[in-house]
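>>> Quick one: sequence plus predicted model below, questions after.
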Amino acid sequence: MFRPATLADLPAFFCGHAQNAEAATGCTVIVAPEGAVCGVDVRGGGPATRETDLLRPENMIEAVHAVVLAGGSAFGLAASTGVMDELAGRGIGFPVAGARVPIVVGACLFDLPVGENAHPDAAMGAAACAAAFEREASEPLAEGNVGAGCGATVGKLLGGERAMKSGLGVCGLALGDLVVCAVVAVNALGNVRDENGAWIAGCRDGEGGVMDPLAAFGAMASQAAAGEASGGAAAKGGPCPNTTIGAVLTNARLTKAQATKTASTVHDAYARAIKPVHTLNDGDTVFAFASGEIEALPDAVSVLATEAMQGAVVRAVREAEGAYGLPAARDLAGRR
């Protein structure tokens, strides 16, 4: 049977955060100093990604040194430059003409409307990378309003003012020697449900409770239609760009094609926990990062990874604290 696992069970990977709480943005870096196989699947209609073409199975690169999850929309891609510099300074990367070239891939979420209009830069990326090396292996990775989850929110179908605070979550599972851990920053347009199917965070109704997402979606569509009919814009508080970005880390030995398939399957976890998901207003992305110490069936990896990611999405909501004028799930818990 499955059993709980932690990032400490995956010593090939180092994870760290950096954030600016006042600006409500940050980044999370997952480092594989020796390099690891990586795949990706991008489903949302508005992604901000870096070097994902390298991960296509037919392309040359077989080892990736870091995955960066960041806020700041496309501006946040600058954080990866700092991660590259930090890794190269530590002698990590492919040797090329007397230099080291680390392979760094990443994705960003849209948190610009929350807090200050700021974004992760190269300095923040370098700080998060350094924090990954400095964090003790036995120390749990912080969750909630940290790293890429610092400015994350959910439930924006009727505009940001009806949203709730979300964050970053971590969940791990093991089956025998096989270990998978998921790390995710949940900044979804839609609502998030728990393992029992109850909506725990999302678009709020007039009384401060969580609306059914289909009701919110219907109201959003009606507002948009009314705006078009009158020749004006849709509702002032209409949906804005979002994105849920995450990675599953495993000690399994996978090919790039198998890692890509795992990343694709793990999107099932987003669909189970988030509604709606993969919209034009999302840039939903999953990376699968495999260090290769354990022989395992690829389907076993995908199943374990999907369960871990679903747990991580729920934790991202439950571990968040209310901030920037928005409540979190823990603030509503006493209402039910």
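Okay, I see it. Residues are numbered from 1 along each chain as shown.
>>> check contacts around V154.
163-164, 166, 186-192, 201-202, 274, 317 (C-beta atoms under 8 Å, 6 or more residues apart in numbering). Where you see a C-beta, it was placed from the backbone N, CA and C, and this is true even at glycine.
>>> Of the residues you listed, which is the nearest to A148?
Sorting these by how near they are to A148, with C-beta to C-beta, puts N187 at the top with 8.3 Å.
>>> Is that closest one in a helix, a strand, or coil?
Remark: N187 carries the secondary structure label coil [criterion: DSSP: H, G, I helix; E, B strand; the rest coil].
>>> can you give me phi and psi for it?
For N187, the backbone dihedrals are phi -130, psi 50 (criterion: degrees, to the nearest 10).
>>> Grab the longest helix from this protein for me.
Looking across the chain with DSSP state H, the single longest helix is helix 298-318.
>>> Would you map the strands across the stretch 1-150 of the chain?
Along the stretch 1-150 of the chain, the stretches classed as strands by DSSP state E, counting those that start in this stretch are 3-5, 14-20, 25-42, 49-50, 64-70, 94-96, 99-101, 104-108.
>>> Adding mean pLDDT, write these out as JSON lines.
Below are these laid out as JSON lines (pLDDT from 0 to 100):
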{"stretch": "strand 3-5", "mean pLDDT": "97"}
{"stretch": "strand 14-20", "mean pLDDT": "98"}
{"stretch": "strand 25-42", "mean pLDDT": "98"}
{"stretch": "strand 49-50", "mean pLDDT": "97"}
{"stretch": "strand 64-70", "mean pLDDT": "98"}
{"stretch": "strand 94-96", "mean pLDDT": "93"}
{"stretch": "strand 99-101", "mean pLDDT": "93"}
{"stretch": "strand 104-108", "mean pLDDT": "98"}
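>>> Pipe the ones you listed into a markdown table and attach distance to G311 and mean neighbour count per row.
Shown next, in a markdown table, are those (distance: least, C-beta to C-beta, whole Å; neighbours: other C-beta atoms under 10 Å):
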| stretch | distance to G311 | mean neighbour count |
| --- | --- | --- |
| strand 3-5 | 9 | 14 |
| strand 14-20 | 17 | 23 |
| strand 25-42 | 17 | 26 |
| strand 49-50 | 24 | 20 |
| strand 64-70 | 17 | 30 |
| strand 94-96 | 34 | 10 |
| strand 99-101 | 35 | 13 |
| strand 104-108 | 20 | 29 |
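>>> so which of those strands gets nearest G208?
Distances from G208 to each of the strands of the stretch 1-150 of the chain were compared using C-beta to C-beta; the minimum, 26.1 Å, belongs to strand 25-42.
>>> how many other residues sit next to P298?
18 (other C-beta atoms under 10 Å).
>>> Could you double-check that it sits in contact with K256?
No - look at P298 against K256 with C-beta atoms under 8 Å: they stay out of range, at 11.8 Å.
>>> thinking again about what came up before, H119: which of the strands of the stretch 1-150 of the chain is closest?
With distances scored as C-beta to C-beta, the stretch of the strands of the stretch 1-150 of the chain nearest to H119 is strand 25-42 (5.7 Å).
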